[in-house]
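S.K.: Sequence and predicted structure below; questions after.
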Amino acid sequence: MPIASDPSSDTESPDDEQAVPMLACHRLSPRPCVNQALVEELKPLREFRFLRYGTHAKESISYATAVSCIIGTPFKIETVEQAAKIPKVGEKLTLKIQEFLEYGFIKESRYAKANELYERGVRTLEDLRRAMNRKRIDSYLKYYDDLQEKIPRSEVESILAFVELQLNRIKPGFKTLLCGGYRRGKEFSNDVDILITYPHRDGEERGVLQALVERMQQKNLIPEDGILTLTTCGTDRIITPNRSATLLDALDKALIIFRHPANGTTRVRDKYRRVDLVVTTWREWGSAVVGWTGSTQFERDLRRHAKRIDLKFDSGGIRDRTTDEPVEAVTEKDVFRVLGLDYIPPEMRNADP
Ligand code: ATP
Ligand code: MG
Ligand code: MN
């Protein structure tokens with residue numbers, strides 16, 4: 001299925017039948033992809049750049065973008081010539097791919113991987129330092145071992161059931177959706193991303209996040225030091241404004257540590273899991289779903305695509321860049337349509353390794 005409805009979707013060589021589109025929103029990114037073994041080999045090198053330069057640095061993003069283009073390459077890369085034609089894949093990376101094609105591995109990647117634990121530790125601490133105050137760091141360290149564990153799909157679903165139960169006690173009629181990696185089909189997640197809305201009735205969702213978090217604390221589903229961030233400004237307004245420089249979107253969210261009670265079988269003791277609770281109005285539902293499904297590179301490319309057609313996209317909605325007027329898109333499919341894109345199912349948005 002070719003994805004090329006957008007005329008601005010440029011490729012390195014438009015004449016080439018096998019050309020790979022530049023942006024993840026113009027191509028399919030399954031997991032595993034055709035070149036998964038190569039992607040696995042490049043992953044530590046990408047991580048290394050994140051660590052060295054930070055996740056938002058030019059060097060990191062350009063490498064992540066190149067790896068993402070490889071993920072989106074629909075044919076098996078078997079020659080250096082094929083590799084060199086992939087968008088964003090420069091000379092140095094082509095050499096790495098050549099090494100992979102010849103030997104089946106990349107030497108530098110092995111060194112990076114050997115330091116993986118160290119790297120992950122440093123990166124986590126760096127992220128912590130950047131994003132958190134002392135109190136948050138303390139609670140993170142307290143639950144560190146649990147938070148390092150990957151969460152299987154069945155447990156993600158169980159956590160949603162706990163949240164839905166409390167939500168229904170507050171007021172029936174809410175709709176929830178598991179987003180993030182889970183929705184993209186990942187077997188194991190690092191956290192649980194839950195989107196909440198009240199269908200067709202904007203305003204009904206007001207105050208629900210605060211009420212939910214309080215209830216969950218009363219029920220001891222959130223430990224006392226388990227609220228890492230709680231923003232409830234978005235739903236105090238009728239139309240949320242554009243995101244500020246510090247926030248990715250203007251949606252209400254609670255980033256929490258959830259205590260998943262032991263059940264005697266799959267969980268012999270309580271487990272502490274990171275959960276993101278995000279509340280959105282119905283009118284912004286589609287954008288919120290797209291925005292919180294990811295992956296990161298997919299979102300980045302979606303924003304770049306929107307910019308090209310003079311729109312602004314984030315999980316808080318779509319806006320006209322010139323007038324700043326909101327553009328209506330209630331469902332996820334509406335979002336793709338408004339952005340002039342062919343619909344891409346969540347399982348094909350795995351644009352990061
Ligand atoms: P995993 O959780 O397993 O590491 P993931 O893809 O679910 O993988 P998350 O960090 O949970 O990764 O993010 C899911 C998606 O939600 C991201 O793609 C991102 O676009 C969006 N997102 C995450 N944090 C925010 C935020 N603070 N504001 C807006 N969007 C966010
Ligand atoms: Mg997640
Ligand atoms: Mn998350």
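M.R.: Sure, I can see it. Numbers count the residues shown, from 1 in each chain. Ligands and ions are numbered 1, 2, ... in the order given.
S.K.: Every contact and neighbour count from this point should use C-alpha atoms.
M.R.: Fine.
S.K.: quick one: low-confidence parts of the stretch 1-150 of the chain?
M.R.: Applying pLDDT under 70 to the stretch 1-150 of the chain flags residues 1-17, 115-133.
S.K.: who's in contact with the closest residue to ligand 1 within it?
M.R.: The minimum distance from the stretch 1-150 of the chain to ligand 1, using CA to the nearest ligand atom, falls at Lys150 (7.8 Å). By CA atoms under 8 Å, 6 or more residues apart in numbering, the contact set of Lys150 is 188-191.
S.K.: thinking Ser139 is in contact with Ile227, fair?
M.R.: No: Ser139 is beyond contact range of Ile227, at 9.1 Å (criterion: CA atoms under 8 Å).
S.K.: which of those two has more neighbours?
M.R.: Ile227 (20 against 17; other CA atoms under 10 Å).
S.K.: Next one: the more buried one from Trp282, what distance?
M.R.: Plainly put, Ile227 is 25 Å away from Trp282 if you go by CA to CA, to the nearest Å.
S.K.: With Arg303 instead?
M.R.: 21 Å.
S.K.: Which residue of these two possesses the greater neighbour count?
M.R.: Ranked by neighbour count (other CA under 10 Å), Arg303 and Trp282 place Trp282 first, with 23 against 19.
S.K.: quick one: stretch 301-313 near ligand 1?
M.R.: No: for a cut-off given as CA under 6 Å from any ligand atom, stretch 301-313 has no contacts with ligand 1; the smallest distance is 10.2 Å.
S.K.: filter the contacts of Lys150 down to the ones near ligand 2?
M.R.: Of the residues in the contacts of Lys150, proximity to ligand 2 by CA under 5 Å from the ion holds for Asp191.
S.K.: For ligand 2, state which of the contacts of Lys150 is nearest.
M.R.: Asp191 (4.5 Å; CA to the ion).
S.K.: so who does that closest one touch?
M.R.: Counted by CA under 8 Å, 6+ apart, Asp191 has contacts 150-151, 273-276.
S.K.: contact partners of the helix or strand harbouring Lys92?
M.R.: Using DSSP states H and E, Lys92 maps to helix 91-103. Residues from elsewhere that reach helix 91-103 (CA under 8 Å, 6+ apart): 38, 78-80, 83-84, 105-106.
S.K.: contacting residues around the nearest residue to Pro199 once chain neighbours are set aside?
M.R.: Counting by CA to CA, 6 or more residues apart in numbering, Pro199 lies nearest to Trp282, which is 5.4 Å off, once chain neighbours are set aside. With CA under 8 Å, 6+ apart as the criterion, the residues that contact Trp282 are 197-202, 330.
S.K.: Narrow these to those that are buried.
M.R.: Buried by 16 or more other CA atoms under 10 Å: 197-199, 202, 330, out of the contacts of Trp282.
S.K.: any idea which of those is least confident?
M.R.: Across the set of these, Asp202 stands lowest in pLDDT, at 91.
S.K.: Can you point out the buried residues in the helix or strand following the helix holding Lys92?
M.R.: Counting by DSSP H and E, the next helix or strand C-terminal to helix 91-103 is helix 107-114. For helix 107-114, a neighbour-count test (16+ other CA under 10 Å) marks 109, 112-113 as buried.
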